[in-house]
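Student: coords please:
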Amino acid sequence: SISPLLHTEGLLACSFTPNDGHCTPEAVVLGYASGARKHGAHIFAQTKVIEIQTKGDDISAVLTDKGAISTGAVINCAGAWSPTIAAFVGLELPVTPYRRELAITEPLGPDFADLPSSMPMTIDYSTSLYWHREGDGILMGFSDKTNPPGFELLRDPRFPEKLGALAEIRAPRLLDLGIRSGWTGLYEVTPDHNALLGEFEHVSRFFYATGFSGHGFLQGPAIGEILRDLYLEREPFIDISALSAERFTESGELRPEMNIV
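Tutor: This next block holds a predicted model:
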């Protein structure tokens, strides 16, 4: 009754976290942008960073294709493009882009009247198939491990067939719904599928928050508080040393993420 589309044959166990939820990322991003502007922030869209200037170990300016910005601090949250930004100050960030694709179904008809409006996002970790309600339809997708790394965003013509094969196993009723739309985007993936968060030790006040490997949206609010504290030279509310980019050196300690979608 919680997730009526789920076909349970072959499952050993399930977990349910009733306090979790999901929301529309673009609406949240626009909300944050609007709030930032109200507090005096300036947002420059479609503006390419071409250089970060330094004087000794200090940042002095960011050069863009639309002019220079004088600043003593940079926060690198450029996602899949964060290694390019970091390279301007000599920092190597092990972040690799991978394409992910999802689909939105046609509107739900009378045959799906049993689906509660509160139906949670459901994930089959054995296949990475996931789905949840989205508007008047269902959003669904999976992580195609055959996708090569890179910035290619063209939709895969084989995706619906692959998605259908997984749905037939775990949620066969989804096969009764046609695909209305979909899109692709980029995961920014680190070798251990955990984020990179901290300040570059060789260039003062160059901060980075990237490599979230698909977890960035849910971790974003807490990451924002941590970056605020780092910028204000305050101690963050949690120890972030394990997320330093330095962990990928020989002396670093890795704790690979196990729940990868």
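
Student: What count of nearby residues applies to Gly220?
Tutor: Residues near Gly220, counting by other C-beta atoms under 10 Å, number 17. Yep, even glycine has a C-beta here, placed from its N, CA and C like the rest.

Student: Which of the three states applies to it?
Tutor: For Gly220, the assignment made with DSSP: H, G, I helix; E, B strand; the rest coil gives helix.

Student: Show me the helices in the stretch 101-250 of the chain, by range?
Tutor: Using DSSP state H, counting those that start in this stretch, the helices assigned to the stretch 101-250 of the chain run over residues 159-170, 216-231.

Student: Those helices: which one's closest to Val28?
Tutor: Proximity to Val28, assessed across the helices of the stretch 101-250 of the chain by C-beta to C-beta, is greatest for helix 216-231 (7.6 Å).

Student: correct me, but Thr210 touches Val95?
Tutor: Yes: Thr210 lies in contact with Val95 (C-beta atoms under 8 Å); the separation is 5.7 Å.

Student: what touches both of these two?
Tutor: 82, 188, 196 (C-beta atoms under 8 Å, 6 or more residues apart in numbering).

Student: which residue packs closest to the first one, ignoring adjacent ones?
Tutor: Translated: Ser82. Counting by C-beta to C-beta, 6 or more residues apart in numbering, the nearest residue to Ser82 once its immediate chain neighbours are dropped is Thr210, at 3.8 Å.

Student: Please list the outside residues in contact with stretch 27-42.
Tutor: 43, 217.

Student: Quick check: buried residues in it?
Tutor: Within stretch 27-42, no residue qualifies as buried by neighbour count (16 or more other C-beta atoms under 10 Å).

Student: could you give me the average pLDDT of that stretch?
Tutor: This predicted structure assigns stretch 27-42 an average pLDDT of 96.

Student: Run the chain-centre distance for that stretch.
Tutor: Stretch 27-42 has its average C-alpha position 19 Å from the chain's average C-alpha position, going by C-alpha atoms, centre = their mean, to the nearest Å.

Student: likewise stretch 235-254?
Tutor: Averaged over its C-alpha atoms, stretch 235-254 has a centre that lies 20 Å from its chain's centre (C-alpha atoms, centre = their mean).

Student: got the domain boundaries for the protein?
Tutor: 26-95+192-248, 98-188 (automatic domain parsing).

Student: To Leu11, which of these lies closest?
Tutor: domain 98-188 (8.4 Å).

Student: so how far does that closest one reach from one end to the other?
Tutor: End-to-end distance for domain 98-188: 7 Å, by C-alpha to C-alpha, to the nearest Å.

Student: ok, and the most crowded of the shared contacts of Thr210 and Val95?
Tutor: When neighbours are counted as other C-beta under 10 Å, the busiest of the shared contacts of Thr210 and Val95 turns out to be Leu196, with 26 neighbours.

Student: Neighbours of the nearest residue to Val203 once chain neighbours are set aside, how many?
Tutor: The spatially closest residue to Val203, leaving aside those adjacent along the chain, is Val89, at 4.4 Å (C-beta to C-beta, 6+ apart). The burial count assigned to Val89 is 18, neighbours taken as other C-beta under 10 Å.

Student: Would you check that Val89 makes contact with Ser204?
Tutor: No: taking contacts as C-beta under 8 Å, Val89 lies outside contact range of Ser204: 10.0 Å.

Student: Need the overlap of contacts for these two.
Tutor: When contacts are counted by C-beta under 8 Å, 6+ apart, Val89 and Ser204 are jointly contacted by Ile59.

Student: Could you find the closest non-adjacent residue to Trp183?
Tutor: Excluding the flanking residues, the one nearest Trp183 by C-beta to C-beta, 6+ apart is Leu102, at 6.7 Å.

Student: Around the one you found, how many other residues sit close by?
Tutor: For Leu102, the neighbour count with other C-beta under 10 Å is 18.

Student: before we move on, what about the one 10 residues further on?
Tutor: Phe112 sits with 18 neighbouring residues when counted by other C-beta under 10 Å.
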